[in-house]
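In: this one's sequence-less:
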């Protein structure tokens, strides 16, 4: 691993002052690393990602990208979101635009890149995820898994330094989950820096360099996937993992 690309120091976020959603979190991510964040629903995982992408304001703390603070720089929100891309579980594709238009809109409009070059890259990325033949159809003509792969491509074409993935398989039927996870596994092999929130434990084992377990706005435990899933250190992590044992 190389130097730290993302650093979070004492991050606090509250919607209600009586109970912080994120409680003084500190965290770092190195270039090329894949970190998976797991924990019970409502523990602050998604809010954590949204704060990093500046979709949510923070109460206190510092967020640094490549050593420079981004937590107070409100004038460069779009630039930061280009560098820290995010994919949601809800796809958020424009229904009135074709797939190729959905993908090429931001790089041509926001980044002012040449249309021909952007279309060429979009087609290459669609080909990588097995959807080149769908470039001229509309989102309503795609399955959930196909829409999510398009959403990943739309983020990748902006050339982010970090990719945040927030429960990207949560809205999918089980048979569609695998096709999306395969794309993420391939990105990991290619060295994409990612921070992933998921409830897919087998996927977490396969893709993570490091696992972070959160509960009630706190980072309770972090370790390698081998250690976390076979020998968690905290009783709370053990309780959480036991809820998945009956599924097999």
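Out: Structure received. Keep in mind it's a predicted model, so treat the numbers as computed, not measured.
In: from here on, contacts and neighbour counts on C-alpha atoms
Out: Will do.
In: quick one: low-confidence ranges for this structure?
Out: 1-2, 18, 72-75, 245-248 (pLDDT under 70).
In: can you map out the helices along it?
Out: For the chain, the helices defined by DSSP state H occupy 45-52, 77-83, 99-109, 115-128, 144-156, 174-189, 201-207, 225-230, 235-242.
In: Is it possible to get JSON lines of these that adds mean neighbour count?
Out: Shown next, in JSON lines, are these (neighbours: other CA atoms under 10 Å):
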{"stretch": "helix 45-52", "mean neighbour count": "22"}
{"stretch": "helix 77-83", "mean neighbour count": "17"}
{"stretch": "helix 99-109", "mean neighbour count": "20"}
{"stretch": "helix 115-128", "mean neighbour count": "17"}
{"stretch": "helix 144-156", "mean neighbour count": "24"}
{"stretch": "helix 174-189", "mean neighbour count": "16"}
{"stretch": "helix 201-207", "mean neighbour count": "16"}
{"stretch": "helix 225-230", "mean neighbour count": "16"}
{"stretch": "helix 235-242", "mean neighbour count": "14"}
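In: With distance to residue 66 added, can I get these in a markdown table?
Out: As requested, the helices of the chain are exported to a markdown table (distance: least, CA to CA, whole Å):
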| stretch | distance to residue 66 |
| --- | --- |
| helix 45-52 | 13 |
| helix 77-83 | 11 |
| helix 99-109 | 22 |
| helix 115-128 | 26 |
| helix 144-156 | 19 |
| helix 174-189 | 20 |
| helix 201-207 | 24 |
| helix 225-230 | 26 |
| helix 235-242 | 31 |
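In: Nearest to residue 6 among those helices would be which one?
Out: Nearest to residue 6, of all the helices of the chain, is helix 45-52, at 9.2 Å by CA to CA.
In: same for the closest one, what does it pack against?
Out: For helix 45-52, the elements it packs on are strand 19-30, strand 162-166, judged by 3 or more CA pairs under 8 Å, 6 or more residues apart in numbering; DSSP states H and E.
In: Among those, which comes closest to residue 90?
Out: Nearest to residue 90 among the helices and strands packed on helix 45-52 is strand 162-166; the distance by CA to CA comes to 9.5 Å.
In: quick check: angle from the closest one to helix 45-52?
Out: Counting by axes from the mean of the first three to the mean of the last three CA atoms, to 10 degrees, strand 162-166 lies at 150 degrees to helix 45-52.
In: which ones are touching residue 24?
Out: Neighbour list for residue 24: 9-12, 61, 218 [criterion: CA atoms under 8 Å, 6 or more residues apart in numbering].
In: related to what we said a few turns ago, could you dump the helices and strands packed on helix 45-52 into TSV with distance to residue 127 added?
Out: Shown next, in TSV, are the helices and strands packed on helix 45-52 (distance: least, CA to CA, whole Å):
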stretch	distance to residue 127
strand 19-30	29
strand 162-166	20
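In: Single out the most deeply packed of these.
Out: Among the helices and strands packed on helix 45-52, the stretch with the highest mean neighbour count (mean count of other CA atoms under 10 Å) is strand 162-166, at a mean of 24.
In: How about residue 203: what's its closest non-neighbour residue?
Out: residue 181 (7.3 Å; CA to CA, 6 or more residues apart in numbering).
In: of the helices of the chain, which approaches residue 71 most closely?
Out: helix 45-52 (8.4 Å).
In: what's the distance between residue 198 and residue 32?
Out: Per CA to CA, to the nearest Å, residue 198 is found 19 Å from residue 32.
In: What separation do you get for residue 167 and residue 123?
Out: From residue 167 over to residue 123 (counting by CA to CA), the distance is 26 Å.
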